[in-house]
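Trainee: Quick one: sequence and predicted model below, then my questions.
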Amino acid sequence: MAGTALNSRFIALKICLTVTEDGRSLSQTLPEGLAQFSDRRERSFTQNLVLGTIRWQARLAAIRDQLLKKKLKPKDADINQLILLGLYQVIYMETPEHAAVSETVAVVQKLKKPWAKALVNGVLRNFIREQESVCAEVDLKPAQKYAHPQWLFKALRKAYPDNWSEIMQANNQIAPLTLRVNPLYQSREELLKKLENEGIEAEAHPHAAQGITLKQSADITQFPSYDEGGFSVQDAAAQQAAHILNPKPEERILDACAAPGGKTTHLQELAQNRAQLLALEVAPERIERLAENLHRLDLNADYQVGDASQPEEWWDGEAFDKILLDAPCSATGIIRRQPDIKQHRTEEDIQALVSLQEQILQALWKTLKPGGQLLYATCSVLPQENKLQMQSFVAHQKDAEVIKLELQGSITFEEPGNQFLPGSYGMDGFYYCLLQKQNIEA
């Protein structure tokens with residue numbers, strides 16, 4: 001497809017609609033849309049336009065609704081979304097205002113809705129004239145100002161009365177690209193030197209022993225030692241998991257919700273590729289990615305499709321020394337990376353996730369040796385999935401003891417566990433709680 005301004009905005013619109021109207025994830029639909037471009041600049045423009053519009057969707061929609069005289073019908077969701085794309089260009093991109101308006105209006109022709117030309121043109125031009133007053137009005141409501149659903153704003157304000165606004169601001173930032181050096185291949189200093197020789201700006205992460213943060217995003221497949229398995233991409237907060245569990249050679253270890261394999265491979269790196277590691281994943285389509293990561297890094301692990309809440313379907317009866325449970329969760333700690341979470345996650349989802357987490361915890365605890373350790377982890381910032389979940393489990397599981405952790409960059413609670421907040425030292429939002437199984441005589 002020819003790389004034109006019209007096509008980039010039209011394809012951006014189509015991608016946004018699959019996310020907002022069809023409920024597909026951005027991680028699925030964005031690569032499909034971008035694959036239509038051969039021109040790198042058009043691809044980059046379209047990606048920025050899509051990610052930004054989805055990230056700021058709630059604020060942009062509130063601005064649009066201020067400017068529309070009456071709401072559009074559901075069948076005109078494409079026009080509604082097109083207005084948001086136009087507004088995003090005017091507010092957040094360096095696109096000249098006249099180009100943002102004229103090129104956005106031109107997309108209407110592709111939609112075969114000629115009546116909407118004047119509407120889109122009028123809304124965008126009115127916004128340019130009244131930008132200051134319209135934004136001031138919209139931003140009186142924090143959920144709109146920070147582009148979060150109302151339920152999530154309330155949940156964050158309740159859980160973090162002193163820093164909810166910082167969390168929401170961090171959620172709207174673009175997350176840095178962080179690498180994890182494979183110590184079986186090279187040291188962090190060696191990779192930093194290789195990157196410097198290639199003119200790639202990077203620095204060691206202060207709170208992740210193998211972490212390197214890049215100054216700007218890039219195609220990591222072209223970096224030195226990528227093909228040889230010299231490093232992986234993994235957020236610095238996610239890199240804490242394997243270090244906490246501290247895997248040793250010959251230990252029998254379960255990674256219970258393993259795909260795409262970032263933590264699986266990290267565990268085996270730290271165990272010098274000699275742990276008896278089983279990687280379990282409930283989604284068959286995700287196992288292939290896990291296998292690819294193990295292969296590229298030249299690491300060994302058994303992997304299979306299985307439901308962590310149903311050990312009788314996959315467990316051989318031999319207890320594990322250590323278990324990593326990176327539990328299914330709301331993903332409210334990684335909104336920077338997946339802004340469509342704000343569209344797809346609902347308040348009703350949380351209790352179902354809490355119940356599933358509890359079910360998996362109860363099931364896996366039976367497979368852990370006395371004296372063994374289970375690390376409970378989520379990429380959530382919601383207490384129901386984190387400290388409250390752990391409080392409940394420990395209260396009912398008399399042989400479960402919480403091991404206190406000292407994790408630099410995290411906040412601790414009087415209750416169990418450590419919480420990393422989004423944006424702290426460039427990290428994602430993650431929660432960790434380490435449990436040890438006591439040997440209680442019957």
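Mentor: Now that the structure is in, tell me what you want to look at.
Trainee: could I have stretch 374-392 exported to CSV, CA atoms only?
Mentor: Extracted C-alpha coordinates of stretch 374-392, given in CSV (Å, rounded to 0.1, in the frame of the first residue of the first chain):
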residue,chain,number,x,y,z
LEU,A,374,6.6,-19.7,46.4
LEU,A,375,6.9,-16.2,44.9
TYR,A,376,3.6,-14.6,44.2
ALA,A,377,3.9,-11.8,41.6
THR,A,378,1.5,-9.6,39.6
CYS,A,379,1.9,-6.6,37.2
SER,A,380,-1.0,-5.0,39.1
VAL,A,381,-1.1,-2.0,41.5
LEU,A,382,-4.5,-2.9,43.0
PRO,A,383,-4.5,-4.1,46.7
GLN,A,384,-7.2,-6.7,46.1
GLU,A,385,-4.9,-8.7,43.8
ASN,A,386,-1.8,-8.0,45.9
LYS,A,387,-1.5,-7.4,49.6
LEU,A,388,-5.1,-8.2,50.4
GLN,A,389,-4.8,-11.5,48.4
MET,A,390,-1.7,-12.4,50.4
GLN,A,391,-3.2,-11.4,53.8
SER,A,392,-6.1,-13.7,53.1
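Trainee: In that stretch, which residues are buried?
Mentor: Neighbour-count burial for stretch 374-392, counted by 16 or more other Cβ atoms under 10 Å, picks out 374-387, 389-391. No exception for glycine: its C-beta is placed from N, CA and C like everyone else's.
Trainee: Mind checking which of the residues you listed are in strands?
Mentor: Cross-referencing the buried residues of stretch 374-392 against strands under DSSP state E gives 374-378.
Trainee: which residues sit in contact with the closest residue to residue 141 other than its chain neighbours?
Mentor: Leaving aside its sequence neighbours, residue 141 sits nearest to residue 62 (Cβ to Cβ, 6 or more residues apart in numbering; 7.5 Å). Contacts for residue 62 (Cβ atoms under 8 Å, 6 or more residues apart in numbering) come out as 138, 141, 144.
Trainee: Next: residue 324.
Mentor: Contacts of residue 324 (Cβ under 8 Å, 6+ apart): 241-242, 245, 253-256, 263, 267, 374-375, 377.
Trainee: That one and residue 244: what is the separation?
Mentor: 9 Å (Cβ to Cβ, to the nearest Å).
Trainee: Report the buried residues of stretch 209-227.
Mentor: Buried-residue list, stretch 209-227, by 16+ other Cβ under 10 Å: 210-214, 223-226.
Trainee: what sits up against that stretch?
Mentor: 176-183, 185-186, 188, 191-192, 194-195, 197-198, 200-205, 230-231, 233-234, 236, 239, 243, 296, 426.
Trainee: Make JSON lines from the contacts of residue 62 and add distance to residue 24, pLDDT and secondary structure to it.
Mentor: JSON lines is the format used below for the contacts of residue 62 (distance: Cβ to Cβ, whole Å; pLDDT from 0 to 100; DSSP: H, G, I helix; E, B strand; the rest coil):
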{"residue": "138", "distance to residue 24": "28", "pLDDT": "98", "secondary structure": "helix"}
{"residue": "141", "distance to residue 24": "28", "pLDDT": "98", "secondary structure": "coil"}
{"residue": "144", "distance to residue 24": "25", "pLDDT": "98", "secondary structure": "helix"}
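Trainee: what ranges do the strands span in the protein?
Mentor: Assigned by DSSP E, the strands in the chain fall at 178-181, 202-204, 211-214, 231-233, 252-255, 276-281, 302-305, 320-326, 368-378, 400-403, 411-412, 418-420, 430-437.
Trainee: And these: which comes nearest residue 94?
Mentor: Ranking the strands of the chain by distance to residue 94, with Cβ to Cβ as the measure, places strand 211-214 first at 22.5 Å.
Trainee: Run me through the strand neighbours of the closest one, direction for each.
Mentor: Paired strands of strand 211-214, with direction, are strand 178-181 (antiparallel), strand 202-204 (antiparallel) (DSSP bridges).
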